[in-house]
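Asker: Let me see the structure of the following:
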Amino acid sequence: MRPLLSDRRQFLHTVAGGAVVGLLPDSLPTPAPAIAGNEFLLGEGLAYLNTGTIGPCRRETIKATQRAWETLETNPIAHYGRYAGEALIEDTRTVAARFLGCDLSELAMTTSTTSGMNAIAQGLRLNVGDRVLLTDQEHAGGLHCWQYLARHHGVVLDVVPIPRGALSVESIVSAIAKGIRTDTRVISVSHVFSSTGLRMPIAELSALARSRGMLCVVDGAQAVGAIRVNVRELGCHAYATSGHKWLMGPKGTGLLFIAKDAQAVIRPMAFEEGYSTYSNGNGVVNLPGLLGLGEAIRFLDRADMAQVEGHNLRLRNALADRLRASDNLTLVSPPAGSLASPLLTALLAERFDRTAFSRALLERHRVAIRATHAEFGFNGIRFSLHEFNTVKDVEGAVEAVRRELAA
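Answerer: Prediction:
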């Protein structure tokens, strides 16, 4: 196996073609020029700023997945049982539990954030009239499970608006607290909003929920791998995330944390026998993909998530600073600080179509971003920056946006 870059400082401090003067202070680290070319299969000249939708796998992750798949297929019955029943596949779960800061007995492997959220909702056994408190910025993948319970089981959903613009931890917690009713059983929120990149104060919301005898459930699709996440420190009862975004793992993989003190009330059918990867409850799973996910998590773990988060935020803030003065574009993500994340969202002037705009950036300028989700009701574009991105990517994105805005 090719070793991880031995010197993290080298990884962070070398700049593609030299630093762009004025974009980042000289003291801020920036990533190596060879990362995207050597570690990933990204196309030549592509500035990929869309990890928040689907992240690219590193070559070593792909190789680990392929090796497992090829070995499995040489004798499927023998190797599936060996991978599933012995330490090899459970090692991935162990690595993932350590990465999230929880016990092995609290961590299950899934196929996505959505499947994890579905498992939580299904395992709660809420009654008619029980209430779930949400925000108006929840992604459909974390919202569908609660809508299902409302539609078919009489659960009531209360939605708290979280306005775009300047916010504080205090104002967010206050808004959620005001939305609590006598029959509220669950507070379910995203750790990072897929709409604006707002980082929700999960530790404070978890404390609020616990003080009221309620559960705090977190959709972590846009957080794990992008920022440092320790579920024990956050204090939430359940946390679901995906392998295919910021973890840069194989598609169709995910992680689900259910705290020990919540396992008596959150009992998903698939994990009734326990949280091991292979059981009568969850059946045959994608073993090669999960083994590849283990490789992806090990890479980020060795890289140190505190440094990865710092790098992601520095590039995100640099991009924000450069875009802020652009005509026909208004940033709606939080300013640099505790509520910011590596996701950056901007509103476009009405004369631009967000889908056509993002397509033009890719086809004309080789810059990959995404248009904002239609359900959030605003005409925007979203950038998501990860550790393989460079100052050159930021400069290319800024130039491409400005050209399209001036067209």
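Asker: contacts for stretch 138-155?
Answerer: The set of residues external to stretch 138-155 that reach it, using Cβ atoms under 8 Å, 6 or more residues apart in numbering, is 112-114, 117-118, 120-122, 126-132, 134, 156-157, 188-190, 194, 219, 221, 240, 373, 375. The C-beta positions use only the backbone N, C-alpha and C, and glycine is treated the same way.
Asker: Check stretch 341-348 too.
Answerer: 52, 192-199, 222-223, 226-227, 246, 309, 312-313, 315-316, 319-320, 323, 328-333, 354, 357, 372, 378-386.
Asker: The closest residue to residue 375 other than its chain neighbours: how many residues sit nearby?
Answerer: Using Cβ to Cβ, 6 or more residues apart in numbering and skipping the chain neighbours, the partner closest in space to residue 375 is residue 140 (6.3 Å). Using other Cβ atoms under 10 Å, residue 140 has 12 neighbouring residues.
Asker: Same check on the one 3 residues further on?
Answerer: Taking other Cβ under 10 Å as the criterion, the count of residues near residue 143 is 21.
Asker: element containing it, please.
Answerer: Using DSSP states H and E, residue 143 maps to helix 140-153.
Asker: Whichever helix or strand comes after that helix packs against which elements?
Answerer: The helix or strand immediately downstream of helix 140-153 is strand 156-160, counting by DSSP H and E. Packing partners of strand 156-160 (3 or more Cβ pairs under 8 Å, 6 or more residues apart in numbering; DSSP states H and E): strand 131-135, helix 140-153, helix 169-179.
Asker: can you list the ones you listed in TSV and add distance to residue 346?
Answerer: Below are the helices and strands packed on strand 156-160 laid out as TSV (distance: least, Cβ to Cβ, whole Å):
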stretch	distance to residue 346
strand 131-135	21
helix 140-153	22
helix 169-179	21
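Asker: so which of the ones you listed gets nearest residue 91?
Answerer: helix 140-153 (27.8 Å; Cβ to Cβ).
Asker: Run the chain-centre distance for the closest one.
Answerer: 21 Å (Cα atoms, centre = their mean, to the nearest Å).
Asker: Can you point out the buried residues in that helix?
Answerer: 141, 142, 143, 145, 146, 147, 149 (16 or more other Cβ atoms under 10 Å).
Asker: again with stretch 354-373
Answerer: 354, 357-358, 360-362, 365, 367-373.
Asker: Show me the domain layout of this protein.
Answerer: Using automatic domain parsing, the domain ranges for the chain come out as 8-49+304-406, 61-301.
Asker: pLDDT at the closest residue to residue 172 other than its chain neighbours, what is it?
Answerer: Spatial nearest neighbour of residue 172, chain neighbours left out: residue 201 (5.9 Å); criterion: Cβ to Cβ, 6+ apart. Residue 201 is assigned a pLDDT of 98 by the prediction.
Asker: Tell me, how many residues neighbour residue 201?
Answerer: 22.
Asker: what's it in contact with, if anything?
Answerer: Applying Cβ under 8 Å, 6+ apart, the residues near residue 201 are 169, 172, 173, 338, 339.
Asker: And the furthest pair within those residues?
Answerer: 173 and 338 (12.8 Å).
Asker: Same drill for those two, tell me which one is more crowded.
Answerer: residue 173 (16 against 9).
Asker: pretty sure the more buried one is in contact with residue 206, am I right?
Answerer: No - counting by Cβ atoms under 8 Å, residue 173 stays clear of residue 206, with 10.6 Å between them.
Asker: now the longest helix along the chain, how far from the chain's geometric center?
Answerer: Among the segments of the chain that qualify as a helix by DSSP state H, the longest is helix 305-323. Its chain's C-alpha centre and that of helix 305-323 lie 16 Å apart, by Cα atoms, centre = their mean.
Asker: do the same with stretch 398-407
Answerer: 28 Å.
Asker: Go ahead and confirm residue 88 touches residue 291.
Answerer: Yes - between residue 88 and residue 291 there is a contact under Cβ under 8 Å: 7.2 Å.
Asker: which one of these two has more residues nearby?
Answerer: It is residue 291, of residue 88 and residue 291, that has more neighbours when counted by other Cβ under 10 Å, with 24 against 16.
Asker: Which element, helix or strand, includes that one?
Answerer: Going by DSSP H and E, residue 291 is in helix 287-303.
Asker: Determine the set of other helices and strands touching that helix.
Answerer: Using 3+ Cβ pairs under 8 Å, 6+ apart: helix 287-303 touches helix 59-74, helix 76-85, helix 87-100.
Asker: List of residues touching it?
Answerer: 4, 8, 11, 57-58, 60-62, 64-66, 68-69, 72, 80, 83-84, 88-89, 91-92, 95-96, 98-99, 109, 225, 243, 247-253, 277, 308, 387.
Asker: returning to what we had before: out of the contacts of stretch 138-155, which end up buried?
Answerer: For the contacts of stretch 138-155, buried by 16+ other Cβ under 10 Å: 112-114, 117-118, 120-122, 126, 130-132, 134, 156-157, 188-190, 194, 219, 221, 240, 373.
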